[in-house]
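Q: Make a model of this:
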Amino acid sequence: MTRDRRIRFNGFKCSTVAHTTAGLWRHPNSQSHRYKELSFWIELAKTLERGKFDSLFVADALGVLDIYRGSPDQTLREGLQTPTDDPLLAVSAMAAATQHLGFGITVASLYELPYLFARKMTTLDHLTDGRIGWNIVTSALDSAARNLGRGEQIPHDERYAVTDEFMEVVYKLWEGSWEEDAVVHDRASGTYADPAKVHAIGHEGRYYSVPGIFLCEPSRQRTPVLYQAGTSAAGRAFAGRHAEGVFISGQRPDIVRRLVDSVRSEAQAAGRDPRSVKFFAIMTVVTAPTDTEATAKFQEYKSYASIEGNLARLSGITQVDISKLDLDQPLEYSDTPGIQGILANFTKADPALDAARDRGLYECFELRAGCRRLPGNGRRPARAMGRGSRYRGFQPGRRHAAGKLRRFRRPRRAGTATARADVARLRRQHAARKSLQRRSKARPRRSSGRTISAAVIADGN
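A: Next comes the predicted model:
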């Protein structure tokens with residue numbers, strides 16, 4: 001069996017002013033304030049497609065970062081994730097302006113109803129001609145829970161249990177409700193869909209009750225491409241059961257390697273081919289005509305980084321108020337209600353790291369989002385990234401929206417023109433699947449050769 005060895009590149013944005021690198025919105029070239037303009041997203045999508053990127057990944061958050069110093073003041077002052085818009089609404093416009101670019105959109109399962117969410121994603125799969133992906137998150141912010149009717153955040157591991165059942169429901173809707181040949185579109189008989197081939201899913205579970213048929217006819221993919229980024233124990237197990245692409249970060253290749261091996265072990269335990277899971281390792285790339293100029297550019301960007309802004313962001317996503325800690329003392333791991341994988345990455349993964357101190361942690365996130373940094377000329381970063389190709393996915397960072405991505409082009413086209421053929425093949429695979437019972441009990445295993453990929457990257461202010 002020939003394995004798909006293509007390396008994938010992906011752009012990153014969040015529909016907000018500042019995301020993973022606080023302070024860079026102040027740079028004179030920054031266009032991040034245009035996040036609320038449709039033209040901004042269309043320009044970005046076109047730039048990525050010209051540069052042969054596989055997809056645009058869009059992060060999202062449903063709550064404000066209000067842990068640092070006990071208030072949202074610092075994050076509001078710096079535009080960190082607030083204000084923010086809904087990223088799903090720009091996808092159709094970007095898809096209309098491109099032909100091959102995929103779109104990986106973050107949506108929190110806890111605050112969606114599976115019946116309605118499945119309809120949203122199927123609609124986007126129709127409108128993008130099979131180019132939509134979903135980054136599955138459970139939402140780690142207590143502020144989101146308070147404002148969305150839950151009162152307080154569901155405990156970390158239970159959030160994954162809820163999402164497991166959410167996945168069971170949407171699989172039934174996407175894969176089992178409509179048979180492959182249910183839509184006949186027969187004008188002569190006046191029949192659009194054969195009622196005998198459209199089935200109620202009859203789901204009755206601990207968290208969800210969805211008895212009826214799915215509202216949508218099957219889209220090209222049926223189930224969108226699925227991504228996941230959590231690297232806690234529960235997150236890795238969830239990725240092993242469901243994810244086709246996993247976003248990871250680490251200060252060194254050996255740390256990333258351990259994460260990859262762990263998720264693949266979980267995939268194997270879930271009865272999946274562990275090599276079918278793709279990994280996207282976060283990386284910040286600064287390009288210029290020469291190494292000297294690239295280093296100077298990096299230092300210029302660094303001069304705009306905000307210490308307090310990055311600490312406020314880290315406090316929010318880990319749900320630990322870093323303002324109460326001594327920045328020069330070792331950071332200790334705790335089972336927080338926030339993103340546990342970030343704390344583990346800087347403590348459990350390698351307690352000897354300088355970044356295990358809070359001040360070092362800030363420095364690692366100021367421009368690099370906790371990942372490797374590659375300053376250099378326009379050719380060398382691509383070669384350096386190629387040496388890590390065993391992860392099969394890279395995230396070249398962009399600092400000022402589409403402008404900086406114009407300076408980074410993948411070395412060769414990675415076959416994005418085959419997307420339609422891949423989708424046609426996947427539909428044939430769907431038609432060959434057995435019973436609804438089998439589809440509802442086990443995650444449908446599709447080929448990993450699809451070219452619609454998404455990944456998280458360093459923020460593009």
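Q: ends of stretch 276-296, how far apart?
A: From its first residue to its last, stretch 276-296 covers 40 Å (Cα to Cα, to the nearest Å).
Q: quick one: buried residues of it?
A: 276-288, 294 (16 or more other Cβ atoms under 10 Å). Using the backbone N, CA and C atoms, a C-beta is placed for each residue, glycine as well.
Q: biggest separation within those residues, which pair?
A: Based on Cβ to Cβ, the longest span within the buried residues of stretch 276-296 runs between 276 and 288 and measures 37.7 Å.
Q: hang on, the earlier thing: in strands, which of the buried residues of stretch 276-296 fall?
A: Taking DSSP state E, the ones among the buried residues of stretch 276-296 that sit in strands are 278, 279, 280, 281, 282, 283, 284, 285, 286, 287, 288.
Q: if we can go back for a sec, could you dump the buried residues of stretch 276-296 to CSV with pLDDT and distance to residue 189?
A: Shown next, in CSV, are the buried residues of stretch 276-296 (pLDDT from 0 to 100; distance: Cβ to Cβ, whole Å):
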residue, pLDDT, distance to residue 189
276, 91, 42
277, 93, 45
278, 90, 44
279, 89, 49
280, 86, 48
281, 81, 54
282, 76, 54
283, 75, 56
284, 76, 59
285, 78, 58
286, 81, 63
287, 82, 60
288, 85, 65
294, 87, 66
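Q: Let's have those residues in JSON lines, adding distance to residue 247.
A: Below are these laid out as JSON lines (distance: Cβ to Cβ, whole Å):
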{"residue": "276", "distance to residue 247": "16"}
{"residue": "277", "distance to residue 247": "12"}
{"residue": "278", "distance to residue 247": "10"}
{"residue": "279", "distance to residue 247": "8"}
{"residue": "280", "distance to residue 247": "5"}
{"residue": "281", "distance to residue 247": "8"}
{"residue": "282", "distance to residue 247": "7"}
{"residue": "283", "distance to residue 247": "12"}
{"residue": "284", "distance to residue 247": "14"}
{"residue": "285", "distance to residue 247": "17"}
{"residue": "286", "distance to residue 247": "21"}
{"residue": "287", "distance to residue 247": "22"}
{"residue": "288", "distance to residue 247": "27"}
{"residue": "294", "distance to residue 247": "25"}
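Q: ok, those residues vs residue 129, which is closest?
A: Scanning these for proximity to residue 129, where the rule is Cβ to Cβ, the winner is residue 278, at 21.5 Å.
Q: what about the nearest residue to that closest one once chain neighbours are set aside, distance to residue 155?
A: Spatial nearest neighbour of residue 278, chain neighbours left out: residue 245 (4.7 Å); criterion: Cβ to Cβ, 6 or more residues apart in numbering. Computed with Cβ to Cβ, to the nearest Å, the distance linking residue 245 and residue 155 is 26 Å.
Q: In terms of neighbours, single out the busier of the two.
A: Set residue 245 next to residue 155 and count neighbours by other Cβ atoms under 10 Å: residue 245 wins out with 29 against 11.
Q: and that one, bridged to which residues?
A: On the basis of DSSP bridges, residue 245 is bridged to residue 227, residue 278.
Q: in terms of contact, does it touch residue 226 like I think?
A: Yes - at 7.4 Å, residue 245 counts as touching residue 226 under the criterion of Cβ atoms under 8 Å.
Q: Just give me the neighbour total for the residue lying closest to residue 172 once chain neighbours are set aside.
A: Closest residue to residue 172 apart from its sequence neighbours, by Cβ to Cβ, 6+ apart: residue 201 at 4.1 Å. Residues contacting residue 201 under the criterion other Cβ under 10 Å number 23.
Q: Who are the contact partners of residue 201?
A: 169, 172, 173, 176, 177, 210, 211, 212, 213, 214, 436, 440 (Cβ atoms under 8 Å, 6 or more residues apart in numbering).
Q: Could you rerun that using 7 Å?
A: 172, 173, 176, 177, 210 (Cβ atoms under 7 Å, 6 or more residues apart in numbering).
Q: Can you list the low-confidence ranges for the stretch 301-450 of the chain?
A: For the stretch 301-450 of the chain, applying pLDDT under 70 flags the ranges 326-450.
Q: Then the stretch 1-150 of the chain?
A: In the stretch 1-150 of the chain, residues with pLDDT under 70: 1-4.
Q: where do the helices sit along it?
A: Taking DSSP state H, counting those that start in this stretch, the helices of the stretch 1-150 of the chain run over residues 38-50, 73-78, 91-96, 114-127, 142-147.
Q: List the buried residues in the last one.
A: It stands for helix 142-147. For helix 142-147, by 16+ other Cβ under 10 Å, it's 142, 143, 144, 145.
Q: now swap in the fourth one and tell me
A: In terms of neighbour count (16+ other Cβ under 10 Å), helix 114-127 has its buried residues at 114, 115, 117, 118, 119, 120, 121, 122, 123, 124, 125, 126.
Q: mind listing what the fourth one touches?
A: This means residue 118. 170, 173, 174, 214.
Q: what does the third one give?
A: For residue 117, the contacting residues are 107, 170, taking Cβ under 7 Å, 6+ apart as the criterion.
Q: any idea how far it lies from residue 108?
A: 10 Å.
Q: Could you do residue 289 as well?
A: For residue 289 relative to residue 108 (Cβ to Cβ), the value is 42 Å.
Q: Could you do residue 8 as well?
A: Counting by Cβ to Cβ, the gap from residue 8 to residue 108 is 24 Å.
Q: Equivalent analysis for residue 306, please.
A: 26 Å.
Q: next one: residue 179
A: Residue 179 is 31 Å from residue 108, by Cβ to Cβ.
Q: same deal with residue 293?
A: 41 Å.
Q: so how many other residues sit close to the closest residue to residue 79 other than its chain neighbours?
A: Distances taken as Cβ to Cβ, 6+ apart place residue 17 nearest to residue 79, at 3.1 Å, with adjacent residues excluded. Applying other Cβ under 10 Å, we find 22 other residues in the vicinity of residue 17.
Q: Over to residue 303?
A: Counted with other Cβ under 10 Å, residue 303 comes out at 11.
Q: Next, the contact list for it, please.
A: Contacts of residue 303 (Cβ under 7 Å, 6+ apart): none.
Q: Mind doing that once more with 10 Å?
A: Residues in contact with residue 303 (Cβ atoms under 10 Å, 6 or more residues apart in numbering) are 23, 24, 26, 27.
Q: Among those residues, which ones are in strands?
A: Among the contacts of residue 303, no member falls in strands (DSSP E).
Q: which one of these has the most neighbours?
A: Neighbour max across the contacts of residue 303 (other Cβ under 10 Å) = residue 24, 27 neighbours.
Q: quick one: which helix or strand includes residue 264?
A: helix 253-269 (DSSP states H and E).
Q: do the same with residue 236
A: helix 233-242.
Q: list the buried ones in that helix?
A: 233, 234, 235, 236, 237, 238, 239, 240, 241, 242.
Q: Run through the neighbouring helices and strands of it.
A: Packed against helix 233-242 by the contact rule (3 or more Cβ pairs under 10 Å, 6 or more residues apart in numbering; DSSP states H and E) you find strand 132-137, helix 156-171, strand 225-228, strand 245-248, helix 253-269, helix 340-345.
Q: Burial-wise, tell me which of those comes out on top.
A: strand 245-248 (a mean of 28; mean count of other Cβ atoms under 10 Å).
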